[in-house]
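Enquirer: Test case, fold it:
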Amino acid sequence: MTTVAENIVATLRANGVKHVYGIPGDSLNGFTDALRRDGTIRWMHVRHEESAAFAAAADAAITGELAVIAGSCGPGNLHFINGLYDAHRSRVPVLAIAAHIPTSEIGTNYFQETHPQELFRECSSYVEYVADPAQMPRILEIAMRTAVEEQGVAVIVIPGDVALADAASNRTSVIRRTHPTVVPSDAELDRAAELLNAAKRVTILAGAGVAGSHDELIALADRLNAPIVHALRGKEHIEYDNPFDVGMTGLLGFASGYRAMDAADAVLMLGTDFPYPQFYPDHAKTIQVDIRGSQLGRRHPLDLGLVGDVGATARALLPRVRAGRGRAHLDDARDHYLRTRAKLDELAVPRRGSEPIHPQYLTRLLDRAATDDAVFTADVGSPTVWAARYLTMNGRRRLIGSFSHGSMANALMHGIGAQTAAPGRQVVALAGDGGLAMMLGELITLTQHELPLKTVVYNNASLNFVELEMKAAGFVTYGTGLANPNFADVATALGIRGIRVERSDDLPDAVDEFLAHEGPAVLDVVTERQELAMPPNVTAAQVGGFALYALRTVMSGRGDELLDLARANWRQLL
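Expert: Just a heads-up that it's a prediction; the model follows:
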């Protein structure tokens, strides 16, 4: 007889699943043994279940297909939760198989007992407990379909004894995502055109929802003479081949993006859930287009909300929008962007002698040396800032990060999944020293699975972005220093090519050597701790915060830190 676990594996195989990420355990034995006997699906053993979930998120982001993780009962699958939050908020399809304690012991405070169906409810579109073999494979099919249709996480909670039980049905179903075309009604499109036609200065704010709609968006911007501002997750989809691009807005963005939004009398939001209310202009008419109606108006009051695919909606809207609007707003925004871009580029320069390297310079060298179809992953914090400002997207490159959930240590874990999903592509993880140290054991995963992931360490001996936040709020930096090892030596000890760079003069050759290495490699770069990532709009509160930070720092006997700050950032301050 076929077991429930064997039927799960057969269904995954039928749906093209090539690998499952996780760590084995006794409650998961029925599933992992079924994988072993099937032999067609690779078990991707990681060193922490959190890594499995992040890896699956990146895998799904690269392929657009369902990615799968599996974990043992209690603490095993509990470790999934942070990565599943990331996957769910990034809207990528992930199936989690969460093993449970024996059915007869549930509710007795048994060893390792948790209630996974409750734990995972907030970070999933579907979670269900399988108490009887007769529920399967229907529960599995519902979970898979929910994950692919809603582009989110689905969790199956299954006790080990149920997984080993005889299956009530051997059915295997192939789940394919549907691709409907969703367009607002004619009346809604007419109202949107009326608002846009009445405006003199339209700015488009584009997010991840514009994926696959590049040409339609450009055509609409051309008709509106509208500058296009992007949110961080929209960067890879709209920044390239775009004569209307004026950069990113938000805390990590460009002054030009902020200005283009602030100067508009109408803002057209396309496929974005940009979360910061302070960057929306209060005086402008606001129209939002999103495939999910629940997203409309969550961030800023709307004059009109439209449910629809961005591409289809843009095509339907285009003939309704009048041509002939003046270019003054667009030209001003573009001129400001070119000046802003030039100022940012001026910061990406080498330093003399042994002075710590500017992270902008490191990122610019990586951008120029990486392949045209490289996949970049970036740790939350300063690596994301430098990725947003200095990596160039071209329609083939990808940029993956924990941009909605904001978890530390994601770059290496995302890199594992991206490299597994795309073994022939160059994958570069931009890791902070704090993030890499948090999940350092996953470097062993690279050697175990022969993944040629390239990991760059922005080694500034600090939780750098946290320090910046402290300074802006007026606090003396505290608890943020890191006593780091030589990460290149650590990598070498683990069988990985390790390279350490402490001087700007040595960096170009090191980057070339690092990227050319055939196997996994770690590039440990000593970067400037005091580098400021200036926001696009410096508020009075932030100025006051820095002044208070300076005063408190001097009073605490750490005045030398202010001299280091000025020395590192004179290019920005003068």
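
Enquirer: Under the pLDDT cut-off, which ranges of the protein? List them.
Expert: Low-confidence segments of the chain (pLDDT under 70): 532-574.

Enquirer: Would you check how far apart the residue of the chain positioned farthest from its centre and residue 33 are?
Expert: Within the chain, the residue lying farthest from the chain centre (Cα atoms, centre = their mean) is residue 1, at 43.2 Å. Using Cβ to Cβ, to the nearest Å, we find residue 1 at a distance of 15 Å from residue 33. C-beta here means a position set from N, CA and C on the backbone, and glycine is covered the same way.

Enquirer: cool, and residue 321?
Expert: Separation of residue 321 from residue 33 (Cβ to Cβ) stands at 60 Å.

Enquirer: cool, and residue 343?
Expert: Distance of residue 343 to residue 33, given as Cβ to Cβ: 60 Å.

Enquirer: what does residue 270 give?
Expert: In terms of Cβ to Cβ, residue 270 sits 48 Å off from residue 33.

Enquirer: try residue 385
Expert: Separation of residue 385 from residue 33 (Cβ to Cβ) stands at 46 Å.

Enquirer: who has more neighbours, these two?
Expert: Set residue 385 next to residue 33 and count neighbours by other Cβ atoms under 10 Å: residue 385 wins out with 25 against 17.

Enquirer: looking at this, that one is in a strand?
Expert: No - counting by DSSP: H, G, I helix; E, B strand; the rest coil, residue 385 falls outside a strand, being helix.

Enquirer: returning to that earlier point: which residues touch the residue farthest from the centre of the chain?
Expert: By Cβ atoms under 8 Å, 6 or more residues apart in numbering, the contact set of residue 1 is 166-167.

Enquirer: Skipping its backbone neighbours, what lies nearest residue 92 in space?
Expert: Leaving aside its chain neighbours, residue 92 sits nearest to residue 60 (3.8 Å; criterion: Cβ to Cβ, 6 or more residues apart in numbering).

Enquirer: quick one: the helix or strand hosting that neighbour to chain centroid distance?
Expert: Under the criterion DSSP states H and E, the helix or strand holding residue 60 is helix 49-63. Per Cα atoms, centre = their mean, to the nearest Å, the displacement of helix 49-63 from the mean C-alpha position of its chain is 11 Å.

Enquirer: Which elements pack onto it?
Expert: Counting contacts by 3 or more Cβ pairs under 8 Å, 6 or more residues apart in numbering; DSSP states H and E, helix 49-63 is packed against strand 19-23, strand 67-71, helix 75-78, helix 81-90, strand 94-100, strand 398-401, helix 410-421.

Enquirer: need those in CSV with distance to residue 472 and mean neighbour count, can you?
Expert: Listed next are the helices and strands packed on helix 49-63 as CSV, based on distance: least, Cβ to Cβ, whole Å; neighbours: other Cβ atoms under 10 Å:
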stretch, distance to residue 472, mean neighbour count
strand 19-23, 38, 25
strand 67-71, 37, 28
helix 75-78, 35, 21
helix 81-90, 25, 26
strand 94-100, 35, 29
strand 398-401, 22, 24
helix 410-421, 23, 30
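
Enquirer: And those: which comes nearest residue 207?
Expert: When these are compared by Cβ to Cβ, helix 81-90 sits nearest residue 207, at 12.1 Å.

Enquirer: for stretch 167-174, how far is the first residue from the last?
Expert: End-to-end span of stretch 167-174 (Cα to Cα, to the nearest Å): 18 Å.

Enquirer: And stretch 496-506, by the same measure?
Expert: Using Cα to Cα, the two ends of stretch 496-506 sit 20 Å apart.
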